[in-house]
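A.B. asks: task: produce atomic coordinates for the following.
(one chain, ligands or ions: 2)
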Amino acid sequence: MPEIGAVLLDIEGTTSSIAFVSEVLFPYARAHLRDFVARHADAVAPILAEVPGDDPVATLLRWIDDDRKATPLKTLQGMIWAEGYADGTLKGHVYPDTPVALRRWRGAGIAVHIYSSGSIAAQKLLFRHSIEGDLTPLIAGYFDTTSGPKQEAGSYRVITAALGLAPGAILFVSDVQAEVDAAHAAGLQALLIAREGGGEVRSLGEVLP
Ligand SMILES: CSCCC(=O)C(=O)COP(=O)(O)O
Ligand SMILES: [Mg+2]
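C.D. replies: Ligands and ions are numbered 1, 2, ... in the order given. Below is the predicted model of the structure:
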């Protein structure tokens, strides 16, 4: 394996549980969406303008149910979750091995970046308000769908250019095979993580042991 200069991590199913995203974050956004839009009409107007249909709020609620990784939805979800993190209702789930691995890689001079469909603002909130404390000092940078969809090789080329490294010096870790395949297609190293087994690794502790 060529020397690794940066690790690029997915969130849902990799640093954090799928259940936290699907059973805590998404229902929270769903429950508060209409009220949030009503209270922040000016701030959300440009986001709603990007959503098709006569009733953008109805479209957004359907997108939540369909787990659509659409940038306007992800932006709005992040704004809604900010209130939940601020009042203490939400705490970002991370697996116990996540902070351990982040500290180990940082100590080894390997930069850690995040690439998630959640907005960059939402990513920062999750790690700042994590159940293991503020992990943001351990994270060098963040990428979201504004770099492109996670299942397209071109997105990884955009990220590679931003990191200024050779693609083979970046190791991407995700629980979704199509994302691992897309990263491979762009020349990155990539590992499939499966917390219940069946992937190449079961925890971040097994990555770059
Ligand atoms: C920033 S946490 C919320 C994650 C999210 O909204 C999502 O859709 C999960 O995407 P991922 O790319 O982390 O699997
Ligand atoms: Mg994932």
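
A.B. asks: for Asp130, give its distance to ligand 2.
C.D. replies: Slight slip there: residue 130 is Ser, not Asp. 17 Å (CB to the ion, to the nearest Å). The way it works is simple: take the backbone N, C-alpha and C, and place the C-beta from them, glycine included.

A.B. asks: quick one, phi psi at the residue lying closest to that residue once chain neighbours are set aside?
C.D. replies: The spatially closest residue to Ser130, leaving aside those adjacent along the chain, is Gly92, at 4.1 Å (CB to CB, 6 or more residues apart in numbering). Here is the backbone geometry of Gly92 (degrees, to the nearest 10): phi -70, psi 120.

A.B. asks: got a list of what Gly92 touches?
C.D. replies: Ser16, Phe20, Tyr85, Leu125, Leu126, Phe127, Arg128, His129, Ser130, Ile131 (CB atoms under 8 Å, 6 or more residues apart in numbering).

A.B. asks: ok, for Ala82, nearest residue in space, not its chain neighbours?
C.D. replies: Going by CB to CB, 6+ apart, Ala82 has Leu125 as its nearest residue, at 6.0 Å.

A.B. asks: same deal with Gln189?
C.D. replies: Distance criterion CB to CB, 6+ apart; nearest residue to Gln189, sequence neighbours excluded, is Leu171 at 4.6 Å.

A.B. asks: check Gly154 too.
C.D. replies: Gly148 (5.5 Å).

A.B. asks: who's in contact with the one you found?
C.D. replies: Gly154, Ser155, Val158 are the contacts of Gly148 under CB under 8 Å, 6+ apart.

A.B. asks: which SSE is the closest residue to ligand 1 within the chain in?
C.D. replies: In the chain, no residue comes nearer to ligand 1 than Gly118, which is 2.4 Å away by CB to the nearest ligand atom. Following DSSP states H and E, there is no helix or strand that holds Gly118.

A.B. asks: and Leu171, by the same measure?
C.D. replies: Going by DSSP H and E, Leu171 is part of strand 170-174.

A.B. asks: who are the packing partners of that strand?
C.D. replies: With contacts defined as 3 or more CB pairs under 8 Å, 6 or more residues apart in numbering; DSSP states H and E, the secondary structure elements packing on strand 170-174 are strand 6-9, helix 153-163, helix 177-185, strand 189-192.
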